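Participant: Could you work out the structure for the sequence below:
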Amino acid sequence: MKFSLGQVVATPGALETLSEAGQTPEFFLEMHVAGNWGNVDVEDRQANDQALVNGGRILSIYRTLKNKKLWVITEAVDNEGKREATTILLPSEY
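Facilitator: The predicted structure is shown next:
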């Protein structure tokens, strides 16, 4: 694990999309926390790598087996140095 996830939540749309694909949230969360950012562009990849150092927000973008896009976002570090939440959502739910 490269960082803590904090409380993990998922939107209804993301849960439905995962169910339709026959995949679990854990599959995507494991990649996210290992530093596999998925299909992010070069700028977001660099921002994620920097966020591991400075505590900023981390964004990963994945595709399900049904080719639906999912975002996994871990919020920035709080004043105590902890990440409080990670959300799995569809881009349209942002």
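Participant: Which secondary structure state does His32 sit in?
Facilitator: helix (DSSP: H, G, I helix; E, B strand; the rest coil).
Participant: Please report how far it lies from Leu89.
Facilitator: 13 Å (Cβ to Cβ, to the nearest Å). C-betas here are computed from N, CA, C, even on glycine.
Participant: who's more crowded, those two?
Facilitator: Higher neighbour count among His32 and Leu89: His32, with 27 against 19, using other Cβ atoms under 10 Å.
Participant: is it true that that one touches Leu70?
Facilitator: No. His32 is beyond contact range of Leu70, at 10.1 Å (criterion: Cβ atoms under 8 Å).
Participant: ok now the lengthiest helix in the chain, how far from the chain's centre?
Facilitator: Longest helix in the chain, counting residues (DSSP state H): helix 42-54. Here the centre of helix 42-54 is set off from its chain's centre by 13 Å, with Cα atoms, centre = their mean, to the nearest Å.
Participant: tell me what that helix is packed against?
Facilitator: With contacts defined as 3 or more Cβ pairs under 8 Å, 6 or more residues apart in numbering; DSSP states H and E, the packing partners of helix 42-54 are strand 58-63.
Participant: Mind listing residues that contact the next helix or strand after the strand it packs on?
Facilitator: Going down the chain from strand 58-63, the next helix or strand is strand 69-74, by DSSP states H and E. Strand 69-74 has contacts (Cβ atoms under 8 Å, 6 or more residues apart in numbering) with 3, 5-6, 14, 17-18, 28-29, 32, 39, 57-64, 83, 85-91, 94.
Participant: For PyMOL, write the selection for the buried entries among these.
Facilitator: This is the PyMOL syntax for the buried subset of the contacts of strand 69-74, where burial follows 16 or more other Cβ atoms under 10 Å:
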select buried, resi 3+5+6+14+17+18+28+29+32+58+59+60+61+62+64+83+86+87+88+89+90
